[in-house]
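Chemist: only the shape, not the letters, is given here:
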């Protein structure tokens, strides 16, 4: 049954007008209602997700800051789930359909935003909109990361931040292959990771130097000095895929003497990959961990919680009107 849409359409959300701390996030009770083209949809956002790229962009760092610095006041937020409020004539969607989206143009921190239809994936039965909102950024990133790794049977894969948003999904995808997966994590995360089938761990809190594990591929979801330190566990000439692309030059320099192949990954939003991950979720071949859900009014607290870096799974914003 189609979800009942808010009538009349009243838009609201959160904007930033400068880069800085979480204090720059400003609640806006009234925002313009976007127009849509014939190949777009207007999404009524029920839930949005917060990702590290959100607070980095808010802080003025990375590609997101470059994109949004000329758009102030800007609405951040890259993934969301809700229902189609309006559908362009050539969008292929109908009003009331449940969809999830990943778009690097932002807008998910608002009740209504326009998105290209080729980025929208229908949410299958059995998947809640809350789960669907948690999936796009981390799910598409995890899938494309595992695709890029193209690991062969029997290879040894090292992964950092395995219990985070991207990490816990990448681990599940890797476990569907015949690979030896070694997780770099604190002891507090090991019990959870064991439920995902991981039984080889490196405790970064207790290691001054990483052992020479001869890993074939290192999926580095952290970067920085933590990533550099872990390179000694990778075999001579092995591959490193660094998700925080800003740290790729640092790792390339650090791994040059051992001929490590350090690669970046450029995630491409698309409905096909998102639909594939939603289908795995619906078939219970994948689980998405939601750490906490905050009302939109507590977006500052939500950003601060994620910035602490101790979150297990995803932080979600509830975009429904609050009484």
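Modeler: Noted; the coordinates are in hand. Everything numeric in this text was worked out from a predicted model, so none of it was measured.
Chemist: residues near residue 197, how many?
Modeler: 12 (other CB atoms under 10 Å). To be clear about C-beta, it is placed using only N, CA and C from the backbone, and glycine gets the same treatment.
Chemist: any idea how far the residue nearest to it when sequence neighbours are not counted is from residue 207?
Modeler: Once flanking residues are discounted, residue 197 sits nearest to residue 175: 4.5 Å by CB to CB, 6 or more residues apart in numbering. Distance from residue 175 to residue 207, counting by CB to CB, to the nearest Å: 24 Å.
Chemist: next one: residue 270
Modeler: From residue 270 to residue 207 the distance is 38 Å (CB to CB).
Chemist: helices or strands up against the helix or strand harbouring residue 275?
Modeler: Assigned by DSSP states H and E, residue 275 belongs to helix 271-282. In terms of contacts (3 or more CB pairs under 8 Å, 6 or more residues apart in numbering; DSSP states H and E), helix 271-282 is packed against strand 98-102, strand 120-122, helix 136-149.
Chemist: looking at these, spot the one closest to residue 305.
Modeler: With CB to CB, the closest approach to residue 305 among the helices and strands packed on helix 271-282 belongs to helix 136-149: 16.1 Å.
Chemist: okay, buried residues for that closest one please.
Modeler: For helix 136-149, a neighbour-count test (16 or more other CB atoms under 10 Å) marks 136-146, 148-149 as buried.
Chemist: repeat for stretch 12-19
Modeler: Buried-residue list, stretch 12-19, by 16+ other CB under 10 Å: 12-16, 19.
Chemist: next one: that stretch to chain centre, how far?
Modeler: Here stretch 12-19 is found 20 Å from its chain centre; the criterion is CA atoms, centre = their mean, to the nearest Å.
Chemist: same check, this time on stretch 183-202
Modeler: Counting by CA atoms, centre = their mean, stretch 183-202 comes out at 20 Å from the chain centroid.
Chemist: over to stretch 132-140?
Modeler: 6 Å.
Chemist: what is the mean pLDDT for it?
Modeler: Here stretch 132-140 scores 96 as its mean pLDDT.
Chemist: cool, and stretch 250-260?
Modeler: Rounded mean pLDDT across stretch 250-260 is 96.
Chemist: quote the end-to-end distance of it.
Modeler: 12 Å (CA to CA, to the nearest Å).
Chemist: so for that stretch, what gets flagged as buried?
Modeler: So, applying 16+ other CB under 10 Å, buried residues of stretch 250-260: 250-252, 254-255, 260.
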